[in-house]
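# Next come a sequence and a model predicted from it.
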Amino acid sequence: MMKILLPTIALSCLPIHAATRQDQLDQLAQRGWKHVMEVFYSPKTKLIYTSLPSKVTKARHFDNGLLQWFEGLSYGRGMEDTPILGGLALDMLVDQYNVTKDESLKEEAYKIFQGMDNLVNAHPYKGFLARGLCEEDGKSICALTSRDQHTHFFHGLWNYFNSPLPDDATKAKIQSLFTDIAELMIRNVTEENDWHFLQADGSKDPRGLSKMWNVYPHEASRLPMIYIATWDVTKKQRYWDEYMKWADKTLEASLQLPQQPDSLINGLMPPYAFLQMNTSLELILKIDPDPQRKAKLRQAMQFPAELAAKKAPPMDAGNGRYLCSCAELALTQLLTPDFPFDKIQSELVAKALLEPPVDIVASCRAVHVIAAYWKARANGIEF
C-alpha cells in the first residue's frame, strides 16, 4: 500500500531516531499523553481538567459545596467535562495496551480510574456523577450534570473493567460505581420527573441535560447502556430487567435518525453527538446477546458513521481541525463495526496529531485526538 507522506515541516517536530512514520506517530501520541498528565491532570482529585488545575473555580464560589448553573455561568471553570475526558482516556489506554502490551499503562489507567471514582464518591450525593470536582477542596461540584457525561463514563470504565489493566479490587469498585448510578436512574427517571435523573440535590434540571427518554434519536440509547453495562459487570438480574424495559423501544428510536430533517441533524448534532450516539450503541452491541437486536444496533450505527465520514474532510479545510471535532468524527467511524476507515480518514487523524502537535494543545483536543489515534491502531489501521 502506498504511503502518503506528510510535509517535511510537519514531521520536523518528531524525533529523528524514529525508524518509521508509524514509530514517529506512536511517539508523538505518547508525548501528547505525557503533556496532558503533566499540565492538566490534578494529582489531588485525579481528574483531567479543561483548564490548568490552578485555574479551576475556587471553593468560595460553591454554596455549601454546590454550584447552581444559570445562564451565563459555566459549570465551574475547567470542570465541564471531566467524565468525558476520563472515559475517553480509559478507552485510549485500553487500546494502546492492546497494541503495545506496555505494562506501565496499568498504573496510568489506575490514575484515571481514581478520578472517575471521585466523581461519584467525593461528594455526598449518592449515585450522582458530577461533571468535575473543585480542585481546591476536592469535593465541591456543580449541581447539574448530563447524559453525555454518563455516556463516556460508562463506556470508558466498562472497557477498562473488561481489559487486563485493573486488579480485582478495582473491578469491585467499578461494580459499586455502576450500581449506585443505576439505582439513581431507577429512582429518578420516571414519568413523574419527565424522565429526568435530576440535579445532585434532587431539584429540576434547568437545561434538560438529564432527560433520558422522549429525547432526540441520537440520545435515545443512553439509559439502556447504563443498565446493560451494570448488568454485565454485576450479573444481577435487576439490571437486565431494567435494560429490557427500554431495549427495543430505545433502539427503534435510534433507528429514526435517518428520517429526521436536515435542520435537526445539522443544527442539533455537532460532531460530539455522532460520537456519543455510537459510543452508547457500541457498548450495548458488545453485551447484548440477541441476534436481532445486534443487527438493529449495527444498522443504527451506520448512519452516524456515514455522516461523520462525509463531514470530516471539509472540516479539515477550515478551523475545525484545531478543535477536537476531527477526532470525534474519526472515533464515530472507528467504533462502528465493519465501517471502512479509508486512507483519507486515517490521514486526517495523522494530521490532527501533527497540526498543531498534540503535545502542546489543550486537554480536550489532545485526549480526543490521542484516543482516535490509538483506536485506529487497535483496529489495525496503518499510518
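That came in fine, so what should we check first? Residues are numbered from 1 along each chain as shown.
# can you tell me how far residue 147 sits from residue 157?
16 Å (CB to CB, to the nearest Å). C-beta coordinates here come from the backbone N, C-alpha and C atoms, glycine included.
# Have a look at those two and say which one is more surrounded.
residue 157 (27 against 21; other CB atoms under 10 Å).
# Might you report the residue contacts of the nearest residue to that one once chain neighbours are set aside?
Leaving aside its chain neighbours, residue 157 sits nearest to residue 174 (5.4 Å; criterion: CB to CB, 6 or more residues apart in numbering). Applying CB atoms under 8 Å, 6 or more residues apart in numbering, we find residue 174 in contact with 113, 157, 160, 161, 166, 233.
# run the last query once more with 7 Å
Applying CB atoms under 7 Å, 6 or more residues apart in numbering, we find residue 174 in contact with 157, 161, 233.
# Roughly how far does it sit from residue 114?
12 Å.
# And stretch 197-212, what's buried?
Judged by neighbour count using 16 or more other CB atoms under 10 Å, the buried positions of stretch 197-212 are 197, 198, 199, 200, 205, 209, 210, 211, 212.
# Can you tell me what sits against that stretch?
Residues contacting stretch 197-212 (CB under 7 Å, 6+ apart): 66, 69, 125, 128, 141, 143-147, 184-185, 188-189, 194-196, 222-223.
# one more time with 6 Å, if that's ok
125, 128, 143, 144, 146, 185, 188, 189, 195, 196, 223 (CB atoms under 6 Å, 6 or more residues apart in numbering).
# do the same with stretch 152-160
Contacts for stretch 152-160 (CB under 6 Å, 6+ apart): 83-84, 87-88, 90-91, 94, 129, 166, 174, 226, 229, 279, 283.
# which one among the contacts of stretch 197-212 gets closest to residue 31?
Here the nearest of those to residue 31, counting by CB to CB, is residue 146; it sits at 31.4 Å.
# rewinding a little: quickly name whichever of the contacts of stretch 197-212 is closest to residue 32.
residue 146 (26.4 Å).
# Next up, the contacts around the closest one.
residue 209.
# follow-up on the earlier one: and of the contacts of stretch 152-160, the nearest to residue 26?
So of the contacts of stretch 152-160, ranked by how close each gets to residue 26 (CB to CB), first place is residue 94, at 16.1 Å.
# ok but the closest one is inside a helix, no?
Yes - the assignment for residue 94 (DSSP: H, G, I helix; E, B strand; the rest coil) places it in a helix.
# Against residue 123, how distant is it?
27 Å.
# tell me the centre residue of this structure?
In the chain, the centroid-proximal residue (CA atoms, centre = their mean) is residue 152; its distance is 3.2 Å.
# ok so that one is a helix residue?
Yes - assignment of residue 152 by three-state DSSP places it within a helix.
# I'd like to know how many residues surround the residue lying closest to it once chain neighbours are set aside.
Leaving aside its sequence neighbours, residue 152 sits nearest to residue 87 (CB to CB, 6+ apart; 3.1 Å). When neighbours are defined as other CB under 10 Å, residue 87 has 28 of them.
# and what of residue 323?
Neighbours around residue 323, by other CB under 10 Å: 18.
# quick one: the closest residue to it other than its chain neighbours and residue 237, what's the gap?
Spatial nearest neighbour of residue 323, chain neighbours left out: residue 365 (6.3 Å); criterion: CB to CB, 6+ apart. Going from residue 365 to residue 237 by CB to CB gives 42 Å.
# who's more crowded, those two?
residue 365 (21 against 9).
# was I right about the more buried one contacting residue 326?
No - assessed by CB atoms under 6 Å, residue 365 is found out of contact with residue 326, at 8.7 Å.
# Where does residue 139 sit: helix, strand or coil?
Reduced to three states by three-state DSSP, residue 139 is coil.
# Return the distance of the closest residue to it other than its chain neighbours relative to residue 256.
Nearest residue to residue 139, sequence neighbours excluded (CB to CB, 6+ apart): residue 122, at 4.9 Å. For residue 122, the distance to residue 256 equals 39 Å [CB to CB].
# out of the two, which sits in the more crowded spot?
Shown here are residue 122 and residue 256; by other CB under 10 Å, residue 122 has more neighbours (19 against 13).
# so what pLDDT did that one get?
For residue 122, the pLDDT comes out at 98.
# Kindly report the same for the one 5 residues further on.
We note a pLDDT of 98 for residue 127 in this prediction.
# Isn't it up against residue 182?
No - with contacts counted by CB under 6 Å, residue 127 stays clear of residue 182, the gap being 7.9 Å.
# can you give me the helices in the stretch 201-350 of the chain?
222-234, 237-254, 262-268, 271-287, 291-316, 325-334, 343-354 (DSSP state H, counting those that start in this stretch).
# so which of these is the most packed in?
Of all the helices of the stretch 201-350 of the chain, helix 325-334 has the most neighbours on average by mean count of other CB atoms under 10 Å, namely a mean of 28.
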